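J.: the sequence and its predicted three-dimensional model are supplied below.
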Amino acid sequence: MTQPRHFLDIDQIDDATLRGILDSAKARKSSRAGQGRGEPDEDRPLAGKVLAMVFIQPSTRTRVSFDVGMRQLGGETIVLNSDDLQLDRGESMADTARVLSRYVDAIMLRTKSHTMLNELVEHATVPVINGLTDSSHPCQLMADVMTLEEHRGPSRSQIVAWSGDGNNVATSWIHGAARFGYELRLACPQALSPSDGAVAWARQQGATIIVTESTEEAVSGADCIVSDAWVSMHDDQKSDRHNMLAPYQVNDGLMAKAKSDAVFMHCLPAHRGEEVTAAVIDGPRSLVWDEAENRLHAQKGILTWCLE
């Protein structure tokens, strides 16, 4: 039996395949220019296919972008939240994977546990897509690179600075540096440093990765500054994160230390006054709304690669 095409992490897929997914996403976005939001794509390549979207963790952009994307491609979706499944009543993810594989053509999972994702993949016989885990967020990275290239040109000529927690999104940016060729500088407090394993892997692949506690060192001459929430869904709400991360806020002063035409990106949801000021995220150099829209187009590229 042919092995299913899973989309699990940026470091598990080769450069050419990732570029092909992005090219597909860009082409579909271009072909839909001026078309109504609810209209399907002309070719409808996934007609008759069904995507199960499993949400152990809630979502706005992941849910809507995969749902609308699948519909525009001609397919259908079914949404399964924690309360819709038997996982809390003793059924294993392995058995859930076996059952869902008999009903649907692909499964998207959003969960805080990468172990849960791995268990799903091990027992599913249909493609599995990582919609987010506590370890990585590869779908977000694809939309981010698409947005960066739309506004700044080829990714290989870019310097990207990350300011804040070296979290799961930061890990995918690290993976992306190896696959898409941008220089990545991560400014993080020592206690919230990015994954040593991810950094080591990316450097072995030839990526330029700088890890520092200095925001000035990270953003000096940068083309793009990226941030994320100080407290994510899987983080300890009672930790000292706010005190540690306060010096890493992206504000006008920090933006001024990057290139004069540098842009700002954030995967959302954002907390104005914490990781970013309102003046930056709502200002003319912010790409967050294009970034959010491109989740739709990137998901369509991922879906067609997994299912066509």
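T.: That came through, no problem.

J.: which residues in the chain form strands?
T.: Secondary structure of the chain (DSSP state E): strands located at 50-55, 76-81, 106-110, 128-132, 159-163, 183-187, 209-212, 224-227, 263-266.

J.: for the last one, which positions count as buried?
T.: Burial within strand 263-266, assessed by neighbour count using 16 or more other Cβ atoms under 10 Å, is assigned to 263, 264, 265, 266. Where C-beta positions appear, they are placed from N, C-alpha and C, glycine not excepted.

J.: now the residues you listed as CSV including distance to residue 297?
T.: Converted to CSV, the buried residues of strand 263-266 look like this (distance: Cβ to Cβ, whole Å):
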residue, distance to residue 297
263, 18
264, 20
265, 16
266, 18
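
J.: quick one: which of those residues is nearest residue 204?
T.: Comparing the buried residues of strand 263-266 against residue 204 with Cβ to Cβ places residue 265 closest, at 26.1 Å.

J.: got the contact list for the residue nearest to the closest one when sequence neighbours are not counted?
T.: Closest residue to residue 265 apart from its sequence neighbours, by Cβ to Cβ, 6 or more residues apart in numbering: residue 226 at 4.7 Å. Residue 226 is in contact with 144, 160, 161, 162, 163, 173, 264, 265, 266, counting by Cβ atoms under 8 Å, 6 or more residues apart in numbering.

J.: my guess is the fifth one meets residue 227, correct?
T.: Yes. Shown here, residue 163 and residue 227 form a contact pair, counting by Cβ atoms under 8 Å, at 5.3 Å.

J.: who's more crowded, these two?
T.: Neighbours around residue 163 and residue 227, counted as other Cβ atoms under 10 Å, are more numerous at residue 227. The numbers are 28 against 24.

J.: tell me what the more buried one is bridged to.
T.: residue 266 (DSSP bridges).

J.: hang on, it packs against residue 275?
T.: Yes. In this structure, residue 227 is within contact of residue 275 by Cβ under 8 Å, at 4.7 Å.

J.: spit out the residues that contact the two alike.
T.: By Cβ under 8 Å, 6+ apart, the residues touching both residue 227 and residue 275 are 163, 164, 248, 250, 266.

J.: which among those residues gets closest to residue 187?
T.: The nearest one, if we look at the shared contacts of residue 227 and residue 275 relative to residue 187 and count by Cβ to Cβ, is residue 163, at 4.9 Å.

J.: what sits against the closest one?
T.: Residue 163 neighbours (Cβ under 8 Å, 6+ apart): 187, 215, 218, 219, 225, 226, 227, 248, 249, 250, 254, 275.

J.: one more: residue 26?
T.: For residue 26, the contact set (Cβ under 8 Å, 6+ apart) comprises 146, 297.

J.: try it again with 6 Å
T.: Contacts for residue 26 were tallied using Cβ atoms under 6 Å, 6 or more residues apart in numbering; there are none.

J.: thanks a lot, catch you later.
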